[in-house]
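K.L.:
I'll drop the sequence and a predicted model, then ask my questions.
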Amino acid sequence: MSTKLTLSIRGLTKKYKASGREVLVLDNISFDVGEEFIAILGPSGCGKSTLLRIIAGVEKPDSGTVEFHLGHEPRVGFVFQFPTLLPWMTILSNVALPLLARGVGEGEAREKARRALTLVGLGEFEDFYPNELSGGMKQRVNIARALAVEPDFLLLDEPFSNLDPLTAETLRSEVLDLWLSSVLPLKAIIMVTHNVEEAVLMADRIIVLSPRPAKIVRDVRVDIKRPRSRKMPEVQELVDRIYEYVS
Ligand SMILES: Nc1ncnc2c1ncn2[C@@H]1O[C@H](COP(=O)(O)OP(=O)(O)OP(=O)(O)O)[C@@H](O)[C@H]1O
């Protein structure tokens, strides 16, 4: 995996006001991102989604910077933790929507949306409405919507945590195949998760955060050959080691 620098995160700090009190959520988070799949792992409520939203630019930090190094305006695809699809639109229109919002013409937006739906195995379903889909299919649509913009960076916020185990397993391997196949111009994936096994099975690198306020406690490179499986002793060892860091 190339280590070409794509993104630097420096000194991110974020406080929220809740019930009249200030709560520190991110405490001086800094790391560099190469061309790699990073999992950000941490306990519930530590600030993982906040960090991802700041990287995506949809939320501002109190201090610190997020700097992209691509030489052009980066395209970022975001799969939110609780994404919503517009129920009155077909899934093709849902996936095309962010492209139209970026000023892409209607024909091209539909073409790109169709390609993204095909990538996630839903090419046959473009005229379906969200309420006609299973939970797993909906999450595929959400992933397609993020991929349709042909992102340089794909940000995933616990994308498999609301799915049944079998569907989650299938979608994990599909996302991994997309990443490894180079059919997309993706430079990096940053995935937030609280699932240690998922992080070890999927990522090139795992950044472990402390309980709130989030600080980086470990930054672990995953040098385990792919395809990985739960049964591999090196996977089990790393899962055990990372459990020690999070507990
Ligand atoms: N808009 C907001 N206003 C006030 N507090 C917020 C806001 N967003 C998040 N918080 C608080 O910041 C903390 C971190 O939230 P965040 O969603 O980033 O954590 P998380 O690690 O992603 O949690 P989980 O794994 O449970 O999804 C929580 O205590 C939450 O209550």
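P.N.:
Received, thanks.
K.L.:
Flag every residue of this structure that's near the ligand.
P.N.:
Residues of the chain found near the ligand (CB under 6 Å from any ligand atom) are 16, 18, 25, 42, 44-50, 81, 194, 212. Where C-beta positions appear, they are placed from N, C-alpha and C, glycine not excepted.
K.L.:
Could I get those residues in TSV, plus columns for pLDDT and secondary structure?
P.N.:
Shown next, in TSV, are these (pLDDT from 0 to 100; DSSP: H, G, I helix; E, B strand; the rest coil):
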residue	pLDDT	secondary structure
Y16	95	strand
A18	85	strand
V25	97	strand
G42	94	coil
S44	91	coil
G45	91	coil
C46	93	coil
G47	95	coil
K48	95	helix
S49	95	helix
T50	96	helix
Q81	81	coil
H194	91	coil
R212	93	coil
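K.L.:
Pull out the buried residues from those residues.
P.N.:
Buried by 16 or more other CB atoms under 10 Å: V25, G42, C46, G47, K48, S49, T50, H194, R212, out of the residues of the chain next to the ligand.
K.L.:
how far away is E124 from the ligand?
P.N.:
33 Å (CB to the nearest ligand atom, to the nearest Å).
K.L.:
no, scratch that, I was asking about K4
P.N.:
As judged by CB to the nearest ligand atom, K4 and the ligand stand 28 Å apart.
K.L.:
Was I right to think that residue contacts G34?
P.N.:
Yes - between K4 and G34 there is a contact under CB atoms under 8 Å: 5.8 Å.
K.L.:
Low-confidence stretches in the chain?
P.N.:
1-2 (pLDDT under 70).
K.L.:
So in it, which helix runs the longest?
P.N.:
Assignment by DSSP state H gives helix 165-181 as the longest helix of the chain.
K.L.:
before we move on, back to that, who has more neighbours out of K4 and G34?
P.N.:
Higher neighbour count among K4 and G34: G34, with 16 against 11, using other CB atoms under 10 Å.
K.L.:
and the more buried one, how far is that from E237?
P.N.:
Going from G34 to E237 by CB to CB, to the nearest Å gives 24 Å.
K.L.:
Kindly report the same for L186.
P.N.:
Distance of L186 to E237, computed by CB to CB: 29 Å.
K.L.:
quick revisit: just checking: what are the partner strands of the following helix or strand past the longest helix of the chain?
P.N.:
Downstream of helix 165-181, the next assigned helix or strand under DSSP states H and E is strand 188-193. Strand pairing for strand 188-193, determined by DSSP bridges: strand 37-41 (parallel), strand 153-157 (parallel).
K.L.:
Report the angle between strand 188-193 and helix 165-181.
P.N.:
Angle, strand 188-193 to helix 165-181, by axes from the mean of the first three to the mean of the last three CA atoms, to 10 degrees: 160 degrees.
K.L.:
Residues contacting whatever helix or strand comes next after strand 188-193, please?
P.N.:
On the C-terminal side of strand 188-193, the closest following helix or strand by DSSP H and E is helix 196-202. Residues from elsewhere that reach helix 196-202, judged by CB atoms under 8 Å, 6 or more residues apart in numbering: 37, 39, 41, 160, 172, 175-176, 191, 193, 206, 222, 224, 228-230, 235, 238-239, 242-243, 246.
K.L.:
hey, what's A188 bridged with?
P.N.:
Applying DSSP bridges, one finds that A188 bridges with F153.
K.L.:
what are the ranges of the strands in this protein?
P.N.:
7-18, 21-33, 37-41, 63-68, 76-79, 153-157, 188-193, 205-209, 216-221 (DSSP state E).
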